[in-house]
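J.: need a structure here:
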Amino acid sequence: MGGGWKMSALAGVGGILVGAAAVAGYHGLRDPDRAATEAIVRDYVLSHGEILPEAMNRMQQRQAASAAARHRSALETPYHGGWAGAANGDVVLVEFFDYACPYCRLTNGDVDRLLREDSRLKVVWRELPVLGPDSEAAAQVSLAAARQGRFRAFHERMFALGRPTEAVVAAAVQETGVRREGESADGRAELARNIELARAIGASGTPTFVVGDQILQGAVGYDALRAAIAAARASR
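T.: Predicted coordinates:
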């Protein structure tokens, strides 16, 4: 999902050369001086290739922050009961997840810990079933659980029981009292919306977290999530 960002980042690095010409023009340099300035910048970039990954990373971070800001309301508005924590939390942690994703299962304990420790935090979960038919089937039941106010219990049992096979979903349904409703138009619309949001922020897989202006991809761990929450809180 994030390939476009890499291309635009490379284009941005290439734009350093264009920027050099613009700076030279702004300061009224004559053509020979402008050419010399451009050559100096070009030679520096070519001889210091290590700056390219850093430049790409910084550009991706800026684009991520911009995308998060543009889509803030949609990202932080939960699907029915698909949230936990403080209803009016001062910081919202959004997680795109897939029940078939082992890294989502691994990081679920970190999110639980954050909710236990931080009474001002709100967590919003967004279904992103990208790992096959079992993921999609589990997501539909999970959305039904959210509509019935049983999302958190179902969510926890699913990750505790393992991969989202039909047997696992059936067990989680029975243990949490969720009613199987089948696929719904509302649920399909929610999944389509989540896919578009994930694309908009450059998410390349699950889990992907959005907190404040930061987008963190993968099982980044408790400390990284806590630091991102603290940064978002400090910037308010």
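J.: all helices for the chain, in order.
T.: With helices called from DSSP state H, the chain shows them at 3-26, 31-47, 51-70, 72-76, 102-117, 133-147, 151-161, 166-176, 185-200, 222-234.
J.: any idea how far the second one is from the chain center?
T.: Its chain's average C-alpha position is 38 Å from that of helix 31-47, according to CA atoms, centre = their mean, to the nearest Å.
J.: got it, and the fourth one?
T.: A distance of 12 Å separates the centroid of the chain from that of helix 72-76, by CA atoms, centre = their mean.
J.: do the fifth one as well
T.: A distance of 15 Å separates the C-alpha centroid of helix 102-117 from that of its chain, computed with CA atoms, centre = their mean.
J.: ok, which of the helices of the chain comes nearest Arg126?
T.: helix 185-200 (4.8 Å; CB to CB). The way it works is simple: take the backbone N, C-alpha and C, and place the C-beta from them, glycine included.
J.: how about the closest one: buried residues?
T.: Buried residues in helix 185-200, counted by 16 or more other CB atoms under 10 Å: Gly187, Glu190, Leu191, Asn194, Ile195, Leu197, Ala198.
J.: which other helices and strands does it contact?
T.: Packing partners of helix 185-200 (3 or more CB pairs under 8 Å, 6 or more residues apart in numbering; DSSP states H and E): helix 72-76, strand 91-97, strand 121-127, helix 133-147.
J.: domain parsing for this structure?
T.: Using automatic domain parsing, the domain ranges for the chain come out as 3-65, 73-234.
J.: ranking those domains by mean pLDDT, which is last?
T.: Mean pLDDT is lowest for domain 3-65 out of the domains of the chain, coming in at a mean of 60.
J.: picking up where we left off before, which one of the domains of the chain is the most hemmed in?
T.: Most buried of the domains of the chain, by mean neighbour count (mean count of other CB atoms under 10 Å): domain 73-234, with a mean of 18.
J.: quote the end-to-end distance of that domain.
T.: Start-to-end span of domain 73-234 (CA to CA, to the nearest Å) is 20 Å.
J.: chain center to it: distance?
T.: 11 Å.
J.: follow-up on the earlier one: redo the buried residues of helix 185-200 as TSV? Include distance to Leu46.
T.: Shown next, in TSV, are those (distance: CB to CB, whole Å):
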residue	distance to Leu46
Gly187	52
Glu190	48
Leu191	46
Asn194	42
Ile195	39
Leu197	38
Ala198	36
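J.: closest to Thr176 out of these?
T.: The shortest approach to Thr176 among these belongs to Gly187, at 17.5 Å (CB to CB).
J.: from Ser235, how far off is that closest one?
T.: Separation of Gly187 from Ser235 (CB to CB, to the nearest Å): 34 Å.
J.: re the thing from before, Gly218 is nearest to which of the helices and strands packed on helix 185-200?
T.: So among the helices and strands packed on helix 185-200, strand 91-97 is nearest, using CB to CB, at 11.4 Å.
J.: the closest one to helix 102-117, inter-axis angle?
T.: 160 degrees (axes from the mean of the first three to the mean of the last three CA atoms, to 10 degrees).
J.: quickly run through the sheet partners of strand 91-97, with directions.
T.: strand 121-127 (parallel), strand 208-211 (antiparallel) (DSSP bridges).
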